[in-house]
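In: Task: produce atomic coordinates for the following.
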Amino acid sequence: MSSLTGSGAAGAAAETGPATAAHARHRNLERLGFAVAAVAIALLIAAPFFVYPVFLMTVLCFALFATAFNLLLGYVGLLSFGHAAFFGGAAYFAAHAVKVWHFEPLSAILLGAVGAGLMGLAVGFLAIRRQGIYFAMVTLALSQMIFFIFLQSPFTHGEDGIQNVPRGWLLGFVDLTRPLNIYYFVLAVFLCGFFAVWRIVHSPFGHVLQAIRENENRAISLGYRVERYKLAAFVMSATIAGLAGAMKAIVLQIATLTDVAWQMSGEVVLMTLLGGMGTIFGPSVGAALVVTMQNYFATSDVPVTVIVGVIFVLCVLLFRRGIVGEAIRLIRR
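Out: Sure thing, here's the model as predicted:
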């Protein structure tokens, strides 16, 4: 009897040993992630004293856009080629609200995010019924329809866009015409949007989304209404993408058709894959890299798109999981 008890205890220890080690590695990786986030926030707070604030704000806007897109692609497995419609649509809504309706900047940005969420609800309701390449093509087609609507709508001013958008006063007492004031406002909005995505991913809802990504049929067999979860994730992603687009319109004081065009959807796919699909920090790293290359290679003899394309091909060949994804894999090893 004692030998049986001893063998049972040994077997239990053998089973719990690897699980405990894996749990410890996961906890260590989480602690490392929090440390990296703390260092990144500290650097962002000090950054405007050393780097041009408008460039930093542009990076933050696109980083939030890529993070929102990654919520859909990296954690649900849905490739949307229509996210520019939400990004650019929110930019038009916010710019019009500030310039014509004289909205306070924060209210205009929230209006743009809500408008993008409603657009996401309409587009997602139609597109979510398809899977794979069919889903991607439906989102692309619907985004092109939205592009032509904005092209023809009087309030967008066609190809001229909405220019000279006033930054105004935040809550009536913070002057956003001052670079440091608007930078820290943009940083605060970015951190709120980033935290929202992090919280969604690490919630029970986010775990269901990842289960759908891994095996949709098994999730259905467990009783989950997969279509509802996908639609909810699509609307959340569109809303946060709209938050980034509305913020960009206030920062750069312009909303144009470039923000709604399909090329913008391609850029956010590039940013996400370059940084690391399915990682929290990856899209932000990819966005920072792409915006930096576009900014510093704009005056070179070689077209920026060629340079970005070459770097993307190299990263796909050498870093299949993206920059952050490969870094996480090496840390785990």
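In: Gly161 contacts Leu257, doesn't it?
Out: Yes. The pair Gly161 and Leu257 passes the contact test of Cβ atoms under 8 Å, sitting 6.6 Å apart. The way it works is simple: take the backbone N, C-alpha and C, and place the C-beta from them, glycine included.
In: elements contacting the strand or helix carrying Leu111?
Out: Secondary structure assigned from DSSP states H and E places Leu111 in helix 105-127. When contacts are defined as 3 or more Cβ pairs under 8 Å, 6 or more residues apart in numbering; DSSP states H and E, helix 105-127 packs onto helix 83-99, helix 132-152, strand 169-170, helix 226-252.
In: mind running it again at 10 Å?
Out: Helices and strands touching helix 105-127, as assessed by 3 or more Cβ pairs under 10 Å, 6 or more residues apart in numbering; DSSP states H and E, comprise helix 53-76, helix 83-99, helix 132-152, strand 169-170, helix 179-201, helix 226-252.
In: Run through the residues that contact the residue nearest to Ile162 when sequence neighbours are not counted.
Out: The shortest distance from Ile162 to any residue other than its chain neighbours is 4.1 Å, reached at Ala95 (Cβ to Cβ, 6 or more residues apart in numbering). Under the criterion of Cβ atoms under 10 Å, 6 or more residues apart in numbering, the contact list for Ala95 reads 108, 112, 155-156, 161-166, 245-246, 248-250, 252-256, 259.
In: Low-confidence stretches in the stretch 1-150 of the chain?
Out: For the stretch 1-150 of the chain, residues meeting the criterion pLDDT under 70 lie at 1-19, 21-23, 26.
In: picking that back up, and the helix holding Leu111, what's buried?
Out: 105-120, 123-124, 127 (16 or more other Cβ atoms under 10 Å).
In: again with stretch 280-298
Out: Taking 16+ other Cβ under 10 Å as the neighbour-count basis, stretch 280-298 is seen to contain the buried residues 280-291, 294, 297.
In: which stretches of the stretch 201-333 of the chain form helices?
Out: The residue ranges that make up the helices of the stretch 201-333 of the chain, judged by DSSP state H, counting those that start in this stretch, are 204-214, 216-221, 226-252, 262-275, 282-296, 304-318, 322-332.
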